[in-house]
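Q: build the 3D model from these lines:
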Amino acid sequence: MRWIFFSLLILNVVYLIFSLVLRAAPSERPQLSAAASIAPASLVLLSEAPVAPASVTPPVSTPPLCPAIGPWAVRAEAEQALQQLRRSRYQVTLESLQVERDRLHWVYLPAGEDRTQALRLLRELQGKGVDSFIVAEGADANAISLGYFSSADSARGLMVKMQSAGYPAVIRETSRETAEYWLRVAADSIKDEGEALRAMLGASPELSGNHVSCDSTAEKATESEKLSSEG
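A: Below you'll find the model as predicted:
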């Protein structure tokens, strides 16, 4: 009887293990099938992967630059330099530019009613030792000039001093417009690596060299065009 009992016990244990295995097997199969269905879709070769278009930045076009040398205060001297560079086979353009020079601060008393009043005021100032003179003509005729200063602080100091003494002094910034002349050289016409330009700059310390746009809209002298057609 004892062996029958042990035999039944062993059968029950085997049946229990078998039942547990059968229950566990169905729960694992959906996970494997899900993994199998996802994996192929997520696998992409690098050679087949779509490439995002790179942002294309258009190249920035910079205007060509040409050497320029100057300035000359006298046109005839600039024309002589132009001919000198043309003898080195340079293509040169003479350009005239309007610039402001001698910027100063003018301290003065505005013009009075007439010249008689202005002369009376001038004698009064000179009697007090104030350096002054009367403007004879122009838009400021009969004004009393008290001086020109390159320093704004000096001009302001005199104005305040005169106003404190009871005179209506004011300041005006003045300048003189004048022409200066530059030579512009076509960059592609330089065959000597700029030797003629360096020689000209070395011989004239007051001149300076620069690089400017070749497409200048500045006023161009017609003399260079005449030389070009005659050469």
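Q: so what touches stretch 106-116?
A: Residues from elsewhere that reach stretch 106-116, judged by CB atoms under 8 Å, 6 or more residues apart in numbering: 118, 121, 134-135, 140-149, 155, 158-159, 162, 167-174. Glycine gets a C-beta too; all of them are placed from N, C-alpha and C.
Q: determine the longest strand present in this protein.
A: strand 92-109 (DSSP state E).
Q: next, the buried residues of the helix or strand that it is followed by.
A: The helix or strand immediately downstream of strand 92-109 is helix 115-127, counting by DSSP states H and E. In terms of neighbour count (16 or more other CB atoms under 10 Å), helix 115-127 has its buried residues at 118, 121-122, 125.
Q: surely L119 and I134 touch.
A: Yes. L119 is within contact range of I134, at 6.8 Å (criterion: CB atoms under 8 Å).
Q: so, low pLDDT: which residues of the protein?
A: For the chain, the stretches with pLDDT under 70 are 1-62, 216-231.
Q: just the buried residues of the contacts of stretch 106-116.
A: Counted by 16+ other CB under 10 Å, these give 118, 121, 134-135, 140, 142-147, 149, 155, 158-159, 162, 167, 169, 171 as buried.
Q: just the ones in helices from those residues, please.
A: 118, 121, 155, 158-159, 162 (DSSP state H).
Q: could the residues you listed go into TSV alongside distance to I190?
A: Converted to TSV, those look like this (distance: CB to CB, whole Å):
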residue	distance to I190
A118	60
L121	62
A155	47
L158	53
M159	53
M162	58
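Q: identify the farthest-apart pair in the residues you listed.
A: A118 and A155 (21.2 Å; CB to CB).
Q: okay, and the beta partners of G209?
A: I69 (DSSP bridges).
Q: quick one: contacts for it?
A: Applying CB under 8 Å, 6+ apart to G209 gives the contacts 67-69, 197, 201.
Q: how does it look with 10 Å?
A: Contact partners of G209, counting by CB atoms under 10 Å, 6 or more residues apart in numbering, are 67-70, 185, 194, 197-198, 200-201.
Q: cool, and E100?
A: By CB under 10 Å, 6+ apart, E100 lies in contact with 174-178.
Q: distance check, it against S189.
A: Separation of E100 from S189 (CB to CB, to the nearest Å): 32 Å.
Q: same question for L109.
A: From L109 over to S189 (counting by CB to CB), the distance is 57 Å.
Q: counting neighbours, go ahead and name the busier of those two.
A: Neighbours were counted for L109 and for S189 using other CB atoms under 10 Å; L109 has more, 22 against 14.
Q: just list whatever residues bridge to the residue nearest to that one when sequence neighbours are not counted.
A: Closest residue to L109 apart from its sequence neighbours, by CB to CB, 6 or more residues apart in numbering: I144 at 4.0 Å. Beta bridges link I144 to L109, I134, judged by DSSP bridges.
Q: oh, and call the first residue 887 from now on, that's how I've got it
A: In the new count, where the first residue is 887, that last one comes out as I1030.
Q: so what's I1030 up against?
A: Each residue near I1030 by CB under 10 Å, 6+ apart is listed here: 993-998, 1004-1005, 1007-1008, 1010-1011, 1016, 1018-1021, 1048, 1053, 1055.
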